[in-house]
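In: what would the 3D arrangement of this be:
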Amino acid sequence: MKRTLRTFLIVCLSMALVLSFSLYPVAADTTSATENALTETETHIIWHYNYETGESRYETVEINQDLYAMAAQTVQTRPAYCPPNLINDLGSSVATRGVPSDQSTVRAHSYPYCAAGNVEFVADTNNNGEFDEDWGGGTAFLVAEDIILTAAHCVFHEEGTAVNAYFYPAQQSSSDSYREIYKSRIKGFAFSVDYIGSQEPNQDWAICQIANNRGDTFGWFGLSSSAGVYTGLSLTALGYPGDLGGSQSVIEGCPYKSTGTVNSILSTMRFKATNYVQQGYSGGPMYDSDGLVYGIISRELTTNGITNTIAMQFPTWLFNEIIEHCDASEARWS
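Out: This is a model prediction of the structure:
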């Protein structure tokens with residue numbers, strides 16, 4: 001009886017130790033199993049899809065809230081890169097009215113504008129193998145040799161996922177020769193499963209890989225984690241707007257920019273800024289005078305004729321996810 005009881009207790013203790021180490025590997029050395037059980041975790045599931053092979057996989061990111069809270073206080077950055085042969089046009093003045101006249105055209109063949117581009121996503125809504133709907137209207141920007149960021153709503157609609165997609169970096173107009181010369185097929189993407197089910201506004205981001213190494217030609221934007229975002233931060237919004245029924249005339253296929261300041265932190269994932277944007281800017285960068293991007297343009301918010309920009313920012317877990325893709329890009333092209 002004593003041997004049986006002792007064996008039972010050893011088994012229970014072993015199971016408890018295994019469970020505590022499997023669930024909380026980071027904190028197991030410094031925190032008791034009881035304390036670990038009380039630690040909250042946050043889970044994010046990222047969907048990776050490859051257009052070329054049709055392969056689909058899911059990645060689970062589990063966040064220890066205590067460790068995440070500490071990491072979120074530290075600003076993490078990845079520097080921007082401007083190729084030495086390009087004109088560098090970084091730097092801008094700040095306008096805060098949030099009206100149509102606040103946006104202006106840019107020289108798309110100079111940096112950093114050339115590191116952004118128009119994106120086109122085409123869907124097979126009838127599931128018959130034909131591209132019968134052009135989702136068009138979007139912007140994306142390079143963050144590595146062959147990695148671009150854009151908004152999830154440019155990639156995914158309620159009808160399903162686009163089955164063909166292209167990125168046009170440094171496009172100055174719809175007739176610009178650069179459009180065809182540097183056209184790059186988007187090979188695949190990664191974005192939050194939460195966006196698939198409910199178009200969750202706090203997860204309107206997407207990481208995409210393109211088929212060509214355009215970063216060496218046009219450079220790329222840098223990145224800053226959410227800890228770098230603060231009220232009053234001066235940022236420039238860059239995108240490819242569409243014409244809104246004549247109410248705001250734009251040059252077809254031409255990039256525009258609008259400068260402004262962050263005026264509200266909405267959550268760990270989103271902030272609001274005074275930049276004027278409109279349809280087509282979605283997926284574009286919100287960046288500073290050093291070329292660091294603090295957010296991805298998600299949508300516009302217009303009140304009493306004044307437009308504000310809602311942008312996705314990069315909490316530690318998402319920043320690290322993007323950096324992993326950037327590092328893989330560097331390895332592919334080195």
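In: what's in contact with stretch 43-53?
Out: Applying CB atoms under 8 Å, 6 or more residues apart in numbering, the contact partners of stretch 43-53 are 55-63, 161, 163-165, 185-194, 196, 317, 321. Yep, even glycine has a C-beta here, placed from its N, CA and C like the rest.
In: which ones among those residues are found in helices?
Out: 193, 194, 196, 317, 321 (DSSP state H).
In: selection in PyMOL covering whichever of the contacts of stretch 43-53 are buried, please.
Out: Applying 16 or more other CB atoms under 10 Å to those leaves a buried subset, and the PyMOL line that selects it is:
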select buried, resi 63+161+163+165+186+187+188+189+190+191+192+194+196+317+321
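In: quick check, nearest of the ones in helices among the contacts of stretch 43-53 to residue 221?
Out: Of all those, residue 321 has the smallest distance to residue 221: 16.4 Å, by CB to CB.
In: let me know the pLDDT of the closest one.
Out: You'll see residue 321 listed with a pLDDT of 94.
In: same question, the one 10 residues further on
Out: As predicted, residue 331 sits at a pLDDT of 94.
In: quick one: it is in a helix?
Out: Yes. According to DSSP: H, G, I helix; E, B strand; the rest coil, residue 331 belongs to a helix.
In: measure it to residue 143 for me?
Out: The gap separating residue 331 from residue 143 is 15 Å, by CB to CB, to the nearest Å.
In: so which of these two has more stuff around it?
Out: Comparing residue 331 with residue 143 by other CB atoms under 10 Å, the one with more neighbours is residue 143, at 25 against 9.
In: and that one, what does it touch?
Out: Here residue 143 is in contact with 78, 149, 220, 221, 222, 223, 293, 322, 326 (CB under 8 Å, 6+ apart).
In: do residue 77 as well
Out: Residue 77 neighbours (CB under 8 Å, 6+ apart): 222, 223, 224, 225, 228, 292.
In: ok, residue 325 next?
Out: 144, 147, 190, 207, 209.
In: now do residue 195 against residue 58, distance only.
Out: 13 Å.
In: got the buried residues for stretch 198-207?
Out: 201, 203, 204, 205, 206, 207.
In: coming back round to it: mind listing the shared neighbours of residue 195 and residue 58?
Out: With CB under 8 Å, 6+ apart as the test, residue 195 and residue 58 reach no residue in common.
In: tell me where the stretch 1-150 of the chain has strands.
Out: All strands of the stretch 1-150 of the chain, identified by DSSP state E, counting those that start in this stretch, fall at 41-50, 56-64, 77-78, 103-105, 116-123, 133-134, 138-142, 147-150.
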